[in-house]
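S.K.: structural data only, the sequence is not supplied:
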């Protein structure tokens, strides 16, 4: 196709700067730079804006999406206690659908007929971009230059950048890895991290303090929740974006949220990734702590069973897919009483829950106590319950086949 | 029923000592003490043996079950990456079925017609004991004195103990909580822990060093696996029980494995528990790290979906239930190539994976790398894949309804 | 407890008539008869009302719940395509929560402190009654006489009825089985059905015509749906109760909906049941047919995975449990476009879908056709899709281990 | 690539005949015809063999795979009670992996470096072929001419056939649909079936007798099972292939197993299909009937939850994927006692279970009976069980919010 106007998701980095130039060259049409702020500093945004102009963007649009990112993406995901392959909190996965949704909306508003992004053709991010476009604005053409152009590697890219006078300071040959960063986390991938048998080189990780360098005294943080979402830190009510910012700072100070993992990418092969997710880690633990007081036990179990399903959808770029929304409807239904506080204790990379409260708490000390309170629970009921529950087990009893193993030789009478 | 001979699961603690005396008094028949060693010291076993004789046991049988506990209970559970309600590694849950199975086998061998245990009528452990008896030896009567006798509380128990000259040193009025301990973990529950809003009092926890008192330098531990099970530590091949013992020691030294949690008991109400699970924590992370190199991605996903189901079964005393065995068959099928090593870095309560290797590793750097290797992966394929995958999303496209939100007001052109 | 006023779920049958008398005798307090109409005839309701007065009810309350039963119970269950153990459509399971909910509401309104029902202590219905009371009005005492009184069998009951001048015509010694009937279905259980090796005796089943006696020509029925619920039959808009009535009649006429099954009861043992569910069967098939045009494929798959979970909850009396409501939230979310018609062809016990339409149909003949329409689907994309999807399979290839089996001896060259 | 020898899955139909000629023309190398018999007649096989020679196959290999197809593909799938999207028994899906596996084995044995098939680039079968090749023999090149050549439609194909003197009798312009047939079923798709609003034209379906033309008296069939697999019909022990043949005949005679369905294809769009699956339908119902006597209730529930997952894998061509094998390990574990008989009653398109027996039956009439047998079940236990089970529901009670609905106005006292 021959686009008449393209909206590019522009970060200010080398790849999208090259793409900004290349698109103009290739398609001879206006290219709009869309800069989405999911947690950058003012200086970073300003620099990206300046570069977009410098490299020829026909228009530059900046959207501060921090509150929306926290409120409408990170929080719903946290309500689900989502975690991919048992460990990864998906700070990158959850950012792309928002960027792509806003980018598509902007393209429609500006009458553009194509969108472009800088994600490579082997990775996960292209899928998150593209499937969002397909779900929300399927009429737009998608240009992902890494899947089309002749550059085979970073050195090809650098050569082109040099030829076009594109600044590469931040991405020179010494750059060790690919980095993505937002309110929730920073991820590191590739290059020196490619051997999963060895740890990352000292000094590579930038966001979370090394636990061995963290403060020598612990810190307590109290996070307040309403209907499943965080609303305050240490008693201070905060907007969603600001709240995640505060959690990120305090977590990073104490070395919280580092993860070194080999994960299965969407296309079925593995990569080794390092994540630093201070804000996501605090949120995940605090949310679970409040839930532990409130959720019905069977609801809690059902939510556990949803975790891997839901996480897989988010990871695979299916945020705007109807099955994610369907699961979300169930999850959100469970959160109406997830209101209360959780206090976390942070110390040199370790995190402990130090307390939780809720006005809807179903923790009942009369039931929990070891003292025998017949009004609350008649222990004779347990016997009946066990007789009933045991019926099928006794029916299926293997008639002792398993209960005379060889180790009984180890049972010695002591006289 | 009137039992002619009873086999009691005897720990040497106050409760089972009182029960040992009470059973003789109540039923006027021989009571056999069965002492199962799942990780006690020699001195503890010797003391329990001596007490059993002192309090009138007709016979005393001691079984060293440490290897069996690790090999046939802890390891299969670890193959499943089992975790209850997202956090608890079930060190207590997994011990009871083994004790009950051996106790039932002993009862059969000795011609006893009843088994007894000291678990209370509100808790989980009674269920794990009783359902194991039902599954393996349903002909045995079960006597759980806490569900029958007139003692309403610990003070009633102490009065009886005093009357019968039963030593209570280890369990006097100052005893703060109920404690259970084995190779995998130590649990704490009740009394001073009953308020979930406050942390445990200083000095209560005994097994794992407080992170703030742990060594100031990290330690690396390499755990070797074969077909899903750990076989060595730092290159030294160890028997299952000894291996878990070593992991427990090194983890405890570095403050690893503390968990403060409110959990849903089997009967549907909540308790607050503290767990210290150094060995289980190390095993869980190391196992996942080796799996991450080897498991097929869809097998990995299926295993994730099994985690909450499998964990619920173990938690609820259904170890010997056919549905647990059915899930285990699937899980074990996935472990044939889970062979390799994981290196963990331990520091003041924090644990990081610092490397993993496997002779069956499917990590393929040609696929993972950012460099473009067309022989390994043709990025143009991604475009086709996305077109196909996007068909249903485009069909269901909400025609832009969601992509013009109010926040676009925040998108400002910068000229 | 000593109740001051009891509300009894009264059917007019022998069991609840005996209970009505027995409760007055036992507790010396007013007993209110609550008659819920879930599909009886006017005559049956009138007869039950008359009997309730005759046997001493202090008040008699009749509720026509047919529309509510269809709209708020049967339809939500049908949206879920619920089926228990692969076959049973749960016509009985779904009726009890409604009766119990209305009975509890009436008890509260009348200031009664107890509710009573006639379900036995081994069956499923007691659980559906009791758990509904617990969920909605836990302050009410529950009296289930079958769990308390000294009658051990039907003959004891008959002796008591004779002594108290309670009519037993409809339930005399020749009565072959226990029967339950409502708009959705009729169930048969016990007595002559207790041997699962033999079919029911001729003439036992009353509702659905024997297929061998059904009309010799087929009939077409068109059912219209809006947002997942049936709203019309053959173009005629009907209220929920009337609609289910019509489906029941036409289905019964053609011998539709008989099921002979051994099922697992809630308490873990088996019973053999015969069900005649003409209305439920038509609804289930028609709903699926409309869904097949509309549901996103991944939503459809997720719904399939919910079926056994949801069905188990309904079967086990957990209609008013939060986990059922949570699943329902997800299911209902999927039904917004399940609007259209399904035409069923009924003939002598057999049912075929003969057509389906929807204004939201995503059936796209350009995609479905065998003719090659590149604009709709480029077959070259399939090749790429397969290359990507096959990556992990090729990685795990068993290097031919499985592909040289002995049977290849059977492959003969034909020259 | 330039293949040196190709093995083609050859059916004798128009498509693969054209492909046989086209491959020779295109690649100028020997093309081997592989004819897999999954249920054809001798005459069909002979005709296909003759044609293969006529159209230039360098070698013709015929494999009678009927027993293997039944024993190693259909039976394992039946153990799982697999059904896709609630209705389809997957007779086509399960045939392709076997053909592809044998074809790949033959290619290796003959030193061929490519395999070819006649499935189109939009359909499911190509995926089942290709993924099997990838899983078992990833070194082989795959040639799927429909994805490559210039023919756009059936008329292009016919023109080529005419030019090359390829017989088209069986596939002329009047041929209404695409047909696939094997021991389990016959499928029909495309052309006159493309409008899902109308039923198939009279006379189209060939295998199963129209119920309105089926015998006027029912027939009973008893199927014997051992460890989950059928082994006999009406007491006569049969080899797997012969057994499925007999079931297919008797089912077809009575009009059993027709399904008219709109299904979601693997690529995410819908097709309308008609299936006639007499053998599969009988097997499915009989297997469930024997299971109903034997399976532990929780195992049965877990199997139900596996059905949609397992079915999806089979449908999507993932028979040789490790996750299917992992699920199969669990399913097979459950089948060790699924031995016994089921009697089915067939009549004009309808099927009823008329009896089932098993030497391992856990149906216990003492538990099932309405008579009160305290030795088997103490009804007082039910009360305790309910008290325990109700704890969490009472905790979450909505304090009556739901129990005073407007309809109570319909409750009228009758005085």
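M.R.: Right, received. Where do you want to start? As the structure is a prediction and not an experimental result, all values here were calculated from the model.

S.K.: avg pLDDT for stretch A:128-142?
M.R.: Predicted confidence along stretch A:128-142 averages 96 (mean pLDDT).

S.K.: do that stretch and chain B meet?
M.R.: Yes - among the residues of stretch A:128-142, A:130, A:131, A:134, A:135, A:136, A:137, A:138, A:142 lie within reach of chain B under CB under 8 Å from any CB of the partner chain. Using the backbone N, CA and C atoms, a C-beta is placed for each residue, glycine as well.

S.K.: what's the answer for stretch A:143-157, then?
M.R.: Yes - if you take CB under 8 Å from any CB as the test, stretch A:143-157 does meet chain B, through A:144, A:146, A:147, A:148, A:151, A:152, A:153, A:154.

S.K.: how many residues are close by the first one?
M.R.: The reference is to residue A:144. Residue A:144 is flanked by 23 other residues according to other CB atoms under 10 Å in any protein chain shown.

S.K.: contacting residues for it?
M.R.: A:116, A:117, A:119, A:121, A:126, A:129, A:130, B:382, B:383 (CB atoms under 8 Å, 6 or more residues apart in numbering or on different chains).

S.K.: now it: phi and psi?
M.R.: phi -120, psi 90 (degrees, to the nearest 10).

S.K.: how about the residues of the stretch 251-400 of chain A near chain D?
M.R.: By CB under 8 Å from any CB, the part of the stretch 251-400 of chain A that sits against chain D consists of A:296-298, A:362, A:364, A:367, A:377-378, A:380-385, A:387-389, A:391-392, A:395-396.

S.K.: mind checking which of the residues you listed are in helices?
M.R.: Taking DSSP state H, the ones among those that sit in helices are A:297-298, A:367, A:380-385, A:387-389, A:391-392, A:395.

S.K.: which of the residues you listed sit farthest apart?
M.R.: Greatest spacing in those, by CB to CB: A:367 and A:395 (31.2 Å).

S.K.: so which elements touch the helix or strand where residue A:101 lies?
M.R.: According to DSSP states H and E, residue A:101 maps onto helix A:95-110. Judged by 3 or more CB pairs under 8 Å, 6 or more residues apart in numbering or on different chains; DSSP states H and E, helix A:95-110 is in contact with strand A:6-9, strand A:31-37, strand A:59-64, strand A:114-116, helix A:125-136.

S.K.: tabulate the ones you listed (JSON lines), appending distance to residue D:236 and mean neighbour count.
M.R.: Shown next, in JSON lines, are the helices and strands packed on helix A:95-110 (distance: least, CB to CB, whole Å; neighbours: other CB atoms under 10 Å in any protein chain shown):
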{"stretch": "strand A:6-9", "distance to residue D:236": "69", "mean neighbour count": "27"}
{"stretch": "strand A:31-37", "distance to residue D:236": "71", "mean neighbour count": "27"}
{"stretch": "strand A:59-64", "distance to residue D:236": "75", "mean neighbour count": "21"}
{"stretch": "strand A:114-116", "distance to residue D:236": "67", "mean neighbour count": "26"}
{"stretch": "helix A:125-136", "distance to residue D:236": "55", "mean neighbour count": "26"}
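
S.K.: export the ones you listed as a markdown table, with columns for distance to chain C.
M.R.: What follows is the helices and strands packed on helix A:95-110, written out as a markdown table (distance: least, CB to the nearest CB, whole Å):
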| stretch | distance to chain C |
| --- | --- |
| strand A:6-9 | 23 |
| strand A:31-37 | 27 |
| strand A:59-64 | 29 |
| strand A:114-116 | 18 |
| helix A:125-136 | 11 |
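
S.K.: nearest to residue A:107 among those would be which one?
M.R.: strand A:6-9 (4.3 Å).

S.K.: who's in contact with that closest one?
M.R.: For strand A:6-9, contacts defined as CB under 8 Å, 6+ apart pick out A:16, A:19-20, A:23, A:27, A:29-34, A:36, A:57, A:99-100, A:103, A:106-107, A:110, A:112, A:114-118, A:129, A:143.

S.K.: what's the neighbour count on residue A:376?
M.R.: Around residue A:376 there are 16 residues (other CB under 10 Å).

S.K.: show me the contacts for it.
M.R.: Counted by CB under 8 Å, 6+ apart, residue A:376 has contacts A:364, A:366, A:367.

S.K.: filter those by proximity to chain B?
M.R.: Answer for those near chain B (CB under 8 Å from any CB): A:364, A:367.

S.K.: out of the contacts of residue A:376, which end up buried?
M.R.: Among the contacts of residue A:376, those classed as buried by neighbour count (16 or more other CB atoms under 10 Å in any protein chain shown) are residue A:367.
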